[in-house]
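Undergrad: Here is a sequence together with a model predicted from it:
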Amino acid sequence: MTITYHPDLIQGTEAWLAARCGLLTASEMKLIITPTLKVANNDKERAHVWELASQRITRYVEPSYIGDDMLRGMEDEVDARALYHEHYAPVEHMGFITNDRWGFTIGGSPDGLVGDDGLIECKSRRQKYQIETLASLAMPDDYWIQVQTLLLVTERAWCDFISYSGGLPMVTLRVLPDEKVQAAIVEAATAFEERVALRVAQYRDTLASSARLIPTERKDRQEIF
């Protein structure tokens with residue numbers, strides 16, 4: 001079992017993308033497990049199988065579109081982390097963490113580590129969602145699997161989930177590991193890894209066959225997907 005820390009990586013950079021290439025990560029775990037904690041079998045899961053299979057074959061991550069919400073989120077994350085640092089505890093930057101204890105690797109990029117036991121995950125929210133969270137003080141369902149995966153990968157005791165929306169109060173919710181959820185995550189990840197390995201093997205079989213294939217070269221260009 002090995003937990004590997006990459007403190008110098010910056011989220012979104014080429015080096016960060018290279019470290020994540022071909023790996024199942026916390027932010028994508030919701031694609032392979034259903035809200036009822038079943039192994040997913042749908043178009044999104046199948047697309048992700050092919051996505052990671054292709055990355056493992058090519059060692060290349062295709063560029064993706066960065067929208068306004070993502071740009072706002074990058075700025076808000078900095079502000080949220082600074083407020084947490086000021087009011088609660090010092091935060092250590094951590095670009096990426098991997099854990100291979102299951103015979104395969106799962107990765108995650110927490111927004112910071114707190115002491116020896118904690119981590120934080122910051123989300124920039126539209127005001128309607130922030131008001132909903134403030135009214136209920138409940139962890140939003142959309143991020144539950146991601147946070148539990150981060151706790152699983154880091155093997156830390158708690159995560160402070162930070163919900164931020166400029167102009168509204170920032171709220172911090174303490175999340176503890178959930179053994180049932182984490183067991184379901186490992187089950188789904190194990191099945192997913194088997195399917196990715198199968199697709200990679202099928203590709204290699206095609207290369208070794210008599211199929212009519214012509215090699216091509218990737219051009220360096222700006223693309224929007």
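TA: Perfect, thanks for sending it.

Undergrad: which stretches of this structure form strands?
TA: 3-6, 24-25, 96-99, 106-108, 112-114, 118-124, 158-164, 171-175 (DSSP state E).

Undergrad: got the buried residues for the helix or strand of the chain with the lowest mean pLDDT?
TA: In the chain, the helix or strand scored least confidently by mean pLDDT, DSSP states H and E is helix 68-87, which has a mean of 84. Neighbour counts over helix 68-87 (16 or more other CB atoms under 10 Å) mark 73, 76-77, 80-81, 84 as buried. Just so you know, the C-beta spots here come from the backbone N, C-alpha and C atoms, and that holds for glycine as well.

Undergrad: in terms of contact count, name the helices or strands touching the longest helix along the chain.
TA: Counting residues, the longest helix found in the chain (DSSP state H) is helix 179-208. Contacts defined by 3 or more CB pairs under 8 Å, 6 or more residues apart in numbering; DSSP states H and E place helix 179-208 against strand 24-25, helix 43-58, helix 144-154.

Undergrad: quick one: strands adjacent to the first one?
TA: To tie it back to what came earlier, the one meant is strand 24-25. The pairing partners recorded for strand 24-25 under DSSP bridges are strand 106-108 (parallel).

Undergrad: So, low pLDDT: which residues of the protein?
TA: 1, 65-66, 68-70, 73, 221-225 (pLDDT under 70).

Undergrad: Mind doing that once more with 90?
TA: 1-2, 10-14, 62-76, 210-211, 215, 218-225 (pLDDT under 90).

Undergrad: Could you pull up the contacting residues of the residue nearest to the spatial centre of it?
TA: Nearest to the mean C-alpha position of the chain, by CA atoms, centre = their mean, lies Ser27 at 2.3 Å. By CB atoms under 8 Å, 6 or more residues apart in numbering, the residues touching Ser27 are 108-109, 146.

Undergrad: The same query, at a cut-off of 7 Å, please.
TA: In this structure, Ser27 makes contact with Gln146, judged by CB atoms under 7 Å, 6 or more residues apart in numbering.
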